[in-house]
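Student: below are the sequence and a predicted model for it; my questions follow.
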Amino acid sequence: MFRTLFCWCMLAIIAMTGLVRSDDLSYASASVIARNIKIPGTDYVVGTSFEKLNSTSGQALIAAIEGWLLNQLSLPPNDHKPNIELVPAQTIVAMRYPLFSKQQWSDQSALSLHDTVAIYDDSTQTIYLADDWNGSTPAELSILVHEMVHHFQNIHGLKYECAQAREELAYRAQGHWLGLFGHDLASDFDLDPFSLLVKTRCF
């Protein structure tokens, strides 16, 4: 009886700690990208290094991810490219928790700065990535993939029952992307099936 109660309590704790937006990702993988991974449906080959997003190679990567995503999501191409900005992690935290004062979210930095690494703003069509993001790992690139899904959802006016339901498609695409490199959400982001269920279902 006690063991059963303990298990249910642990599940409840996991569920409560898992109720975070999909933009709030804590990526654990630091392994570099394998050489010569060609993005399916494109001519782009991902190498071991990555230049700045505003460089020629950076723009080519973004275009390749966009093409891959449009194919994955069966969406028509569009001319509305997302804006992408690298900003301090504190800025993303402040956007994630707009009702907090600067002092309040600063006080929570031990939790928030660890968990919040990217966010998409529907109104400005902007993906905000933490300024230490460099696209050098499958996990980091998957964060950009995830946020680009939100951009397409916004551009195409896709409607969902709740914010969590909107995350299901983004996580699915992110998982498929990681699979190109032999990675997955569980190993890179500590997201097991139960955690994903909590993050993608309306409550």
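Tutor: That came through fine. Residues are numbered from 1 along each chain as shown.
Student: and residue 84, what is it in contact with?
Tutor: Going by CB atoms under 8 Å, 6 or more residues apart in numbering, residue 84 touches 53, 62, 126, 127, 129, 144. Any C-beta I mention is one placed from the backbone N, CA and C, and that applies to glycine too.
Student: going along the chain, name the helices of this protein.
Tutor: Taking DSSP state H to define them, one finds helices in the chain at 2-17, 56-73, 89-96, 102-107, 109-115, 138-155, 163-180, 185-189, 193-199.
Student: which one of these lies closest to residue 43?
Tutor: Taking CB to CB, helix 56-73 is the member of the helices of the chain nearest to residue 43, at 7.9 Å.
Student: one step back: indicate which one of the helices of the chain is closest to residue 79.
Tutor: Residue 79 sits nearest to helix 138-155 of all those, at 9.5 Å, using CB to CB.
Student: against residue 146, how distant is residue 159?
Tutor: From residue 159 across to residue 146, the span is 19 Å (CB to CB, to the nearest Å).
Student: swap that for residue 132, sorry
Tutor: Taking CB to CB as the measure, residue 132 falls 17 Å from residue 146.
Student: still on that earlier bit, who's more crowded, residue 159 and residue 146?
Tutor: More neighbours surround residue 146 than the other of residue 159 and residue 146, with 25 against 8 (other CB atoms under 10 Å).
Student: go ahead and confirm that one touches residue 117.
Tutor: No - the pair residue 146 / residue 117 is not scored as a contact, 10.1 Å apart, by CB atoms under 8 Å.
Student: show me what contacts residue 149?
Tutor: Residue 149 makes contact with 69, 73, 169, 170, 173, 174, according to CB under 8 Å, 6+ apart.
Student: flag the least confident of the residues you listed.
Tutor: The lowest pLDDT within those belongs to residue 73, with 87.
Student: can you get me a residue count around it?
Tutor: When neighbours are counted by other CB under 10 Å, residue 73 registers 15.
Student: got any ranges where this protein has weak pLDDT?
Tutor: Scanning the chain for pLDDT under 70 picks out 1-36, 47-52, 54, 99-116.
Student: let's see it at 80
Tutor: Residues of the chain meeting the criterion pLDDT under 80: 1-38, 46-57, 96-117, 203.
Student: for the contacts of residue 84, which one is nearest residue 184?
Tutor: Distances from residue 184 to the contacts of residue 84, taken by CB to CB, are shortest for residue 144, at 17.2 Å.
Student: can you count the residues close to the closest one?
Tutor: Counted with other CB under 10 Å, residues neighbouring residue 144 total 21.
Student: about what we covered before: quick check: the two most widely separated of the contacts of residue 149?
Tutor: Of all pairs in the contacts of residue 149, the most separated under CB to CB is 73 and 174 at 12.1 Å.
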